[in-house]
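Trainee: my questions concern the predicted model and sequence given below.
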Amino acid sequence: NFYTTDDAVYYGNFESKTLQRYVVNSKLETELAGEFSLMQYGIDAANEQPLFFSSSSAYYVSSSQGVVIHFDPTRMEILGSTEVPELLRDGYAGWFGGVARVGDRFLATIRYDDAEDYTKTAPDSTLAVAIEDDPEPPLQLLREAQVAAASYSFVDDEGNYYALAGDSWMQLTKLHDLPGGSPLVRVRAGRDELDSDYLLDLNELIGTPSVNGIWPLSGSKIVVQAWAHDVDPDVALKTPDDYWTAPHFEWTMVDVANETAEPLQGIARGAAGYALLRMRVDETTYVQQYGFPGGTDIGENVELYAVHDDATTEKVAATSVGDFRFMSRVKTVDGSH
């Protein structure tokens, strides 16, 4: 997992289970500039997302351990920790995600899955968590019992935070007994509660049994993947691999304020995209698409598309090795680039 500030790239190293800080020198080469582990808290730093408030203040929020950890992201030193027992749910494992900076705080989602059976999600899953720099208490939980399993999010240009609830894979395979649909909920800018007047079911809006992912555009527009209306999930989904490796999703642009949807032009159906493959650089959103030269099985061809606000796309790169996971702008150490 990669994260950036203005002057550094941070990498959650899955092998060492640490967070590493890299800087870019004047030769445009990356250099390791610090590293720490959170194993003393029982936390794998590679699996948790840091929240950067400033060059000297950042946090980890671990719903699995019920702790908030404060650290200096420039010196890469841990400054302290605070136990937050309300993050823990007996019998459930918490998944912290959907992180977005909103003004002077962060909002995020926590999804609680049954610790013994991942197909069961707590019916009153937390949908938003408000986190401030050096707060007392360190965070605030915002709950909504009508929907569950939130994981994706975005912030519109007015500072409103949206979270997408539901679970695409489990909806299609009927593995759970939670409320149906793919509902978007909202926290208005500057507010401390979920907006009780807003609930937009993307399944109903688009005319699909399931929606996967959120890729933000400008204003109140997003891109989502919608299960193709002419594909029967009972026939197409025999194993989990069928969900991730077959082109059954159509790309759709949604304006969440106006509640309108239209298909993206110039890009074919694709397999379900991973949440971490969200790239927005210089006001342009990029999505990656797997190619399928052999039919429905995943191929070696991966294409990167730029998405424009008028629902058009442009292919900008392709690769047959790996995929596109990370793009960002970072200042060099000497400020020359």
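Mentor: Arrived safely.

Trainee: show me where the stretch 1-150 of the chain has strands.
Mentor: Taking DSSP state E, counting those that start in this stretch as the criterion, the stretch 1-150 of the chain carries its strands at 2-4, 9-13, 18-24, 30-37, 51-54, 57-62, 67-72, 77-83, 92-102, 105-114, 126-132, 139-143.

Trainee: and the longest one, what does it pack against?
Mentor: In other words, strand 92-102. If you count contacts as 3 or more C-beta pairs under 8 Å, 6 or more residues apart in numbering; DSSP states H and E, strand 92-102 packs onto strand 105-114, strand 152-155, strand 161-164. No exception for glycine: its C-beta is placed from N, CA and C like everyone else's.

Trainee: which residues touch the residue nearest to residue 132 when sequence neighbours are not counted?
Mentor: Leaving aside its sequence neighbours, residue 132 sits nearest to residue 105 (C-beta to C-beta, 6 or more residues apart in numbering; 4.6 Å). Counting by C-beta atoms under 8 Å, 6 or more residues apart in numbering, residue 105 makes contact with 130, 131, 132, 133.

Trainee: and the strands of the stretch 1-150 of the chain: which comes nearest residue 239?
Mentor: strand 105-114 (19.9 Å; C-beta to C-beta).

Trainee: now that closest one: buried residues?
Mentor: Neighbour-count burial for strand 105-114, with 16 or more other C-beta atoms under 10 Å as criterion, is recorded at 105, 106, 107, 108, 109, 110, 111, 112, 113.

Trainee: who does the residue nearest to residue 132 bridge with?
Mentor: residue 102, residue 132 (DSSP bridges).

Trainee: distance check, it against residue 143.
Mentor: Between residue 105 and residue 143 the computed distance is 18 Å (C-beta to C-beta, to the nearest Å).

Trainee: and what of residue 164?
Mentor: Residue 164 sits 16 Å away from residue 143, going by C-beta to C-beta.

Trainee: which of those two has more residues huddled nearby?
Mentor: More crowded of residue 164 and residue 143, by other C-beta atoms under 10 Å: residue 164, with 28 against 13.

Trainee: what number of residues lie near the nearest residue to the more buried one once chain neighbours are set aside?
Mentor: Using C-beta to C-beta, 6+ apart and skipping residues adjacent in sequence, the residue nearest residue 164 is residue 152, 4.3 Å away. Close neighbours of residue 152, defined as other C-beta under 10 Å, add up to 25.

Trainee: again with residue 330
Mentor: By the criterion of other C-beta under 10 Å, residue 330 has 16 neighbours.

Trainee: surely it meets residue 3?
Mentor: No: in this structure residue 330 lies outside contact range of residue 3 using C-beta atoms under 8 Å: 10.9 Å.

Trainee: what do those two both touch?
Mentor: Common neighbours of residue 330 and residue 3, using C-beta under 8 Å, 6+ apart, are residue 9.

Trainee: which residues in the protein form helices?
Mentor: Ranges of helices within the chain are 168-173, 202-206, 233-236, 240-245, based on DSSP state H.

Trainee: can I get the first one in CSV, CA atoms only?
Mentor: What that stands for is helix 168-173. Listed in CSV are the C-alpha atoms of helix 168-173, where the atom choice follows Å, rounded to 0.1, in the frame of the first residue of the first chain:
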residue,chain,number,x,y,z
SER,A,168,-20.9,-6.4,-4.0
TRP,A,169,-19.6,-10.0,-3.9
MET,A,170,-22.0,-11.1,-1.1
GLN,A,171,-25.0,-9.4,-2.7
LEU,A,172,-24.4,-11.3,-6.0
THR,A,173,-23.8,-14.6,-4.3
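
Trainee: buried stuff in it?
Mentor: Within helix 168-173, the residues scored as buried using 16+ other C-beta under 10 Å are 168, 169, 170, 171, 172, 173.

Trainee: what packs against the helix or strand bottoming out on mean pLDDT in the chain?
Mentor: Sorting the helices and strands of the chain by mean pLDDT, DSSP states H and E puts helix 240-245 at the bottom, at a mean of 76. If you count contacts as 3+ C-beta pairs under 8 Å, 6+ apart, helix 240-245 packs onto helix 168-173.

Trainee: and for residue 82, the neighbour number?
Mentor: Per other C-beta under 10 Å, the neighbour tally for residue 82 reads 15.

Trainee: quick one, what contacts residue 22?
Mentor: Applying C-beta under 8 Å, 6+ apart to residue 22 gives the contacts 8, 9, 10, 11, 30, 31, 32, 33.
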